[in-house]
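[1] Here you go, sequence then predicted model.
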Amino acid sequence: QVQLVESGGGLVQAGGSLRLSCAASGRTFSSYTIAWFRQSPGKEREFVGSISWRGGSTYYADSVKGRFTISRDNAKMSVYLEMNSLKPEDTAVYYCAVGVFSYDYWGQGTQVTVSS
């Protein structure tokens, strides 16, 4: 059973930083891509960025490019989302998801709140 557990969310002032973690378990993920999504109340879920488990290639949404960085630690089976220069519009529940051709497994989410 694949499990994804996010952590690291919280309240931060605008301009601050947070680091989210996503711990994966249940299988090997060598062929998988792990992504971060976010969703604010009343808004659709938004893709934030992704990283390939094997090669480490990353891809980011324009809204976070240059501010957010995704990395992975294969030994710990964890993926991280380093968020800098946070803005109030980054406030959302952040989810990690994993899959090959689609994102089949999701974590429970962690709340990030950025105050102005």
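    Nice, thanks for sending it over.
[2] Give me the most central residue, this structure.
    Closest to where the C-alpha atoms of the chain average out (Cα atoms, centre = their mean) is Trp36, at 3.0 Å.
[3] Was I right to think that one contacts Arg45?
    No - with contact defined as Cβ atoms under 8 Å, Trp36 does not reach Arg45; the gap is 10.9 Å. C-beta here means a position set from N, CA and C on the backbone, and glycine is covered the same way.
[4] where do the contact lists of these two overlap?
    With contacts defined as Cβ atoms under 8 Å, 6 or more residues apart in numbering, the residues shared by Trp36 and Arg45 are Tyr95.
[5] sorry, back to before: now the residue nearest to the centre of the chain: closest residue in space, sequence neighbours ignored.
    Val48 (4.1 Å; Cβ to Cβ, 6 or more residues apart in numbering).
[6] tally of neighbours for the one you found?
    24 (other Cβ atoms under 10 Å).
[7] begin at 46 from here
    Let's use 46 as the start, then, which means that last one is Val93.
[8] Now do the same contact list for the closest residue to Glu91 other than its chain neighbours.
    In this structure, Glu91 finds its nearest non-sequential neighbour in Arg83, 5.4 Å apart by Cβ to Cβ, 6+ apart. The contact partners of Arg83, by Cβ under 8 Å, 6+ apart, come to Arg90, Glu91, Val93, Asp135, Ala137, Val138, Tyr139, Tyr140, Val157.
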